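Peer 1: Sequence and predicted model, in that order:
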Amino acid sequence: MTSLSDIDLSAIPTHVAIIMDGNGRWAKERGEPRHVGHTAGEAALFDVIEGALAVGLPWMTIYAFSTENWKRPLAEVKFIMNFNRDLLKRRGDELHERNVRVRFIGRRVFPIPRGLIAIMNDIEARTRDNTGMTLQIAFNYGGRAEIVDALQAIVAKVANGELDPSKVRERTLKDHLYAPDAPDVDLLVRSSGEHRTSNFLIWQAAYAELVFDDTLWPDWRREHLWHALSVFQQRSRRFGGLNG
Ligand code: IPE
Ligand code: IPE
Ligand code: MG
């Protein structure tokens, strides 16, 4: 087990993104329906948040529901919507008390239920001025959708003469992402042994270090995050240059 003493606390990355995967398989292993795995994922998430706070991580983004997850059976999608609404209702105060600034990235529109959108807006407004970790929850999020949405906004500005198309830069696109102030992802972690990024933060994670962990998400605890951080700290990042 990785402990805090295995991590260099002076070299914590700025932004860690986590693909919380393996809930369904965790439930299946126990002969339970898939939703039992989603429910069990809550304890994992809140322990990982404590682990992130303990090391002073400034930004964490978690993948909670993708634009592709609507393909799942309606019963599972409905469960996930209700579960997230209840979770945010039950635990919003706790996140606020922990000084966490909660944000949501993704398309915050139908078919997400109105009641859930209202709670997302409320928790975001309530925690806006918190100065601890920024926790971004990617919900109805897709990296391609995000780039399309940014492009739509840019094209609209070009069409009304607000933006000269010859002035479009990487920076222009970044400025139109869901959270333009969010720093690039330094470390992208995925649980459950899958080795892919499934449309998560494709712009922001262009130079992220990738760490894959075999543990299914509901079994994750803060030590798994710390382990990923210790692996990250062994890596040499070059960003296309020669130093590192
Ligand atoms: C991640 O676990 C949660 C969501 C995608 C909502 P999965 O539900 O994908 O679990 P597996 O990958 O089927 O085990
Ligand atoms: C990615 O996991 C999305 C979330 C964790 C919310 P999936 O389970 O949906 O990804 P694939 O289908 O295995 O690529
Ligand atoms: Mg999965």
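Peer 2: Cool, got the structure. Ligands and ions are numbered 1, 2, ... in the order given.

Peer 1: contacts, neighbours, all on C-alpha from now
Peer 2: Fine.

Peer 1: longest helix of the protein?
Peer 2: Longest helix of the chain, by residue count under DSSP state H: helix 74-97.

Peer 1: could you say which helix or strand contains the residue nearest the centre of the chain?
Peer 2: With distances taken as C-alpha atoms, centre = their mean, Ile62 lies nearest the centre of the chain, 2.2 Å away. Element membership for Ile62, per DSSP states H and E: strand 59-66.

Peer 1: Quick one: mean pLDDT for that strand?
Peer 2: Strand 59-66 comes out with an average pLDDT of 99.

Peer 1: list the buried ones in that strand?
Peer 2: Buried positions in strand 59-66, judged by neighbour count with 16 or more other C-alpha atoms under 10 Å: 59-66.

Peer 1: do the same with stretch 191-207
Peer 2: 191-192, 197, 199-205, 207.

Peer 1: Now for these: which two are most distant?
Peer 2: Within the buried residues of stretch 191-207, two members stand farthest from each other by C-alpha to C-alpha: Ser192 and Trp203, at 23.3 Å.

Peer 1: still on that earlier bit, and ligand 2, which of the buried residues of strand 59-66 contact it?
Peer 2: Restricting those to those near ligand 2 by C-alpha under 6 Å from any ligand atom leaves 63-66.

Peer 1: Can you tell me which of the residues you listed is closest to Arg90?
Peer 2: Closest approach to Arg90 among those (C-alpha to C-alpha): Ala64, at 16.8 Å.

Peer 1: dump the residue contacts of that closest one.
Peer 2: Counting by C-alpha atoms under 8 Å, 6 or more residues apart in numbering, Ala64 touches 19-20, 137-139.

Peer 1: Buried subset of the residues you listed, written for PyMOL?
Peer 2: In PyMOL, a selection of the buried entries from the contacts of Ala64 looks like this (16+ other C-alpha under 10 Å):
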select buried, resi 19+20+137+138+139
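
Peer 1: Out of the contacts of Ala64, which sit inside strands?
Peer 2: Here DSSP state E is the test, and those give 19, 137-139 as lying in strands.

Peer 1: Output the residues you listed as TSV; include the columns distance to Ala125 and pLDDT.
Peer 2: Output for the ones in strands among the contacts of Ala64, formatted as TSV (distance: C-alpha to C-alpha, whole Å; pLDDT from 0 to 100):
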residue	distance to Ala125	pLDDT
Ile19	25	99
Ile137	14	99
Ala138	17	99
Phe139	17	99
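
Peer 1: Now do the closest residue to Leu201 other than its chain neighbours against ligand 2, distance only.
Peer 2: Nearest residue to Leu201 in three dimensions, chain neighbours excluded: Gly143, at 5.1 Å (C-alpha to C-alpha, 6 or more residues apart in numbering). Note on Gly143: its distance to ligand 2, by C-alpha to the nearest ligand atom, to the nearest Å, is 11 Å.
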